[in-house]
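>>> sequence below, structure please.
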Amino acid sequence: MSAPDGLSPAVGVSARNVHAMLNHRATSELHKSLIDARLGQAQILDCSGISRHFERLASGETDSATLAQYAEDLAALCALSREGGEEIPGSFWDVPPKTETPWPDEYSAARAFVTEYPDYIRLLGTSFHRFVENQECRQPSAVSIALSILADVSAYVASGASVVMTESRGGLCADQQAMFLWQQILTGSSRQIPYIHRDAYTHGPWARHNVVEMWRYRIGAQISVDEAWGLTGFSDRFVGDATNTNQIEHMAISAVAQSVLRIPVLLLDVLEEMEWLLRKGTRAASRADEQVNRAVAHCLLPEFCANNPRPACARLEQELAS
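Residues are numbered from 1 along each chain as shown. Here you go, the predicted structure:
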């Protein structure tokens, strides 16, 4: 056999040693490609990390070709999200599926996102950029950022890009798809029908593709939705008291409940009253939640159109600040 570059047969290197050296070189190159794809050596939160991937390689659970393709796909995901405005951490994508998904592992998921949903990844990059801007500068307000993301999501839906991530609710029109996808990207929260414990809606495997989860991997720590979003942009009457900290989440869920599930605002108000009567919240918080429901009903939904969302968004932002 001929010796590889830099290994002269004159020095008496055995075939076994040559093979080991080649394997070491290939492993080193693979390790570097994963690092270049913004993946860390150790686990962050639920991600596998380079060390776990190499454990799988050593045990035969995966192979070098799969890992090489994975590194390429992670790098592409970083690039696509940067094109949208903000690089989503490589560790965010490096999470084995925990629920039933179309993808058996993180390798096939990354491949699918790159090849089938590049515009969606750019949208996530745009949404994450807006969220990071709020986290790092605290300007503009959380309400303004959230409604800017609604405008971005609406433009995405109106463009005709894939909305497969909304298919857990079938038969939605474009306006409803925009609302559903918006709430998914803000927090990914699913909701049950009160007191009978059945899902009102779910986002399925797409639920984790929200800006709060991306931020957790950016900072390497768990953080609640409430803590991440905060309450800037809401006047006191839409907050109530110090116990009521989830108003961004509540605003988006109320929009989905009214526009997608077709729940009348009066019924939502009744549910808020029941929360207070059953001592699951304070009276002030219940009243503030009702005010948010009504603001969504009267300021956002009547004029909302995925083809031109900004007037309705501006009207709601102004109302919530008043």
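
>>> what about the strands in the stretch 201-322 of the chain?
Taking DSSP state E, counting those that start in this stretch as the criterion, the stretch 201-322 of the chain contains no strands.

>>> for Asp63, grab phi and psi.
Per-residue torsions, Asp63: phi -130, psi 170 (degrees, to the nearest 10).

>>> residues in contact with it?
Contact analysis of Asp63 by CB atoms under 8 Å, 6 or more residues apart in numbering lists Leu57. Any C-beta I mention is one placed from the backbone N, CA and C, and that applies to glycine too.

>>> can you check the one 3 residues further on too?
Contacts for Thr66 (CB under 8 Å, 6+ apart) come out as Tyr107.

>>> host element of it?
helix 64-84 (DSSP states H and E).

>>> how far away from the center of its chain is that helix?
On the basis of CA atoms, centre = their mean, to the nearest Å, helix 64-84 sits 17 Å off its chain's mean C-alpha point.

>>> what residues go with each domain of this protein?
Domain ranges of the chain: 14-116, 119-321, per automatic domain parsing.

>>> now the element after the helix holding Thr66, going C-ward?
As assigned by DSSP H and E, the chain's next helix or strand after helix 64-84 is helix 90-93.

>>> so what does the helix or strand following that following helix touch, helix or strand wise?
The helix or strand immediately downstream of helix 90-93 is helix 106-116, counting by DSSP H and E. Under the contact criterion of 3 or more CB pairs under 8 Å, 6 or more residues apart in numbering; DSSP states H and E, helix 106-116 touches helix 64-84, helix 90-93, helix 118-137.

>>> mind doing that once more with 6 Å?
For helix 106-116, the packing partners by 3 or more CB pairs under 6 Å, 6 or more residues apart in numbering; DSSP states H and E come out as helix 64-84.

>>> pull out the buried residues from the helix it packs on.
Within helix 64-84, the residues scored as buried using 16 or more other CB atoms under 10 Å are 66-67, 70-81, 84.

>>> what's the closest of those residues to Ser162?
Leu80 (13.8 Å; CB to CB).

>>> list the residues that contact that closest one.
118, 121-122 (CB atoms under 6 Å, 6 or more residues apart in numbering).

>>> coming back round to it: mean pLDDT for the domains of the chain: which is lowest?
Note on the domains of the chain: lowest mean pLDDT is at domain 14-116, with a mean of 89.

>>> nearest residue to Phe180 in space, please, no chain neighbours.
Thr166 (4.9 Å; CB to CB, 6 or more residues apart in numbering).

>>> check whether that neighbour really touches Met179, as I assumed.
No. Thr166 is beyond contact range of Met179, at 9.4 Å (criterion: CB atoms under 6 Å).

>>> look at these two and report which has more neighbours.
Met179 (29 against 21; other CB atoms under 10 Å).

>>> now do the nearest residue to Arg111 once chain neighbours are set aside against Gln135, distance only.
With CB to CB, 6+ apart as the criterion, Arg111 has its nearest non-adjacent residue at 5.4 Å, and that residue is Asp73. Relative to Gln135, Asp73 is positioned 27 Å away (CB to CB, to the nearest Å).

>>> what's the neighbour count on Arg262?
Using other CB under 10 Å, Arg262 is surrounded by 8 other residues.
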